[in-house]
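S.K.: What follows is a predicted protein model with its sequence.
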Amino acid sequence: MTKKIFEFIVLDLFQAGLNWETILKKRKGFKKAFSNFDPKKISKYSDKKIKN
């Protein structure tokens with residue numbers, strides 16, 4: 001899975017119930033929280049990191 005596809009999936013999931021403008025304004029924060037939308041890095045997150 002490419003980072004771009006993963007980014008779209010993440011943003012779409014968080015968009016539920018919100019408008020896209022809100023999500024896109026917060027995109028930088030999502031990018032930081034999700035390790036630049038890198039699924040390989042995220043798959044190695046510890047339980048502690050996931051809970052925080």
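M.R.: Looks like it arrived, so ask away. On a predicted model such as this, the values are computed, not experimentally measured, just so you know.
S.K.: Please count neighbours and contacts with C-alpha atoms only from this point.
M.R.: Noted.
S.K.: Helices of the protein, start to end?
M.R.: Under the criterion DSSP state H, the chain carries helices at the ranges 3-15, 20-25, 27-33, 39-42, 47-51.
S.K.: now the ones you listed in TSV, with mean neighbour count?
M.R.: Shown next, in TSV, are the helices of the chain (neighbours: other Cα atoms under 10 Å):
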stretch	mean neighbour count
helix 3-15	14
helix 20-25	12
helix 27-33	13
helix 39-42	13
helix 47-51	8
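S.K.: Columns mean pLDDT on top of those, output as a markdown table?
M.R.: Output for the helices of the chain, formatted as a markdown table (pLDDT from 0 to 100):
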| stretch | mean pLDDT |
| --- | --- |
| helix 3-15 | 94 |
| helix 20-25 | 95 |
| helix 27-33 | 95 |
| helix 39-42 | 93 |
| helix 47-51 | 91 |
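S.K.: contacting residues for K4?
M.R.: The contact partners of K4, by Cα atoms under 8 Å, 6 or more residues apart in numbering, come to F37.
S.K.: Would you mind measuring from it to L11?
M.R.: Distance of K4 to L11, given as Cα to Cα, to the nearest Å: 11 Å.
S.K.: go on, K49?
M.R.: To L11, K49 is 20 Å away according to Cα to Cα.
S.K.: what does P39 give?
M.R.: The gap separating P39 from L11 is 14 Å, by Cα to Cα.
S.K.: just S46 next, same as before
M.R.: Here the criterion is Cα to Cα. By it, S46 lies 22 Å from L11.
S.K.: ok, now K48?
M.R.: K48 sits 23 Å away from L11, going by Cα to Cα.
S.K.: And S43, by the same measure?
M.R.: Taken as Cα to Cα, the span from S43 to L11 is 18 Å.
S.K.: With K25 instead?
M.R.: Taking Cα to Cα as the measure, K25 falls 11 Å from L11.
S.K.: Then K3?
M.R.: Here the criterion is Cα to Cα. By it, K3 lies 12 Å from L11.
S.K.: Name the residues contacting each of those two.
M.R.: Common contact partners of K3 and L11 (Cα under 8 Å, 6+ apart): none.
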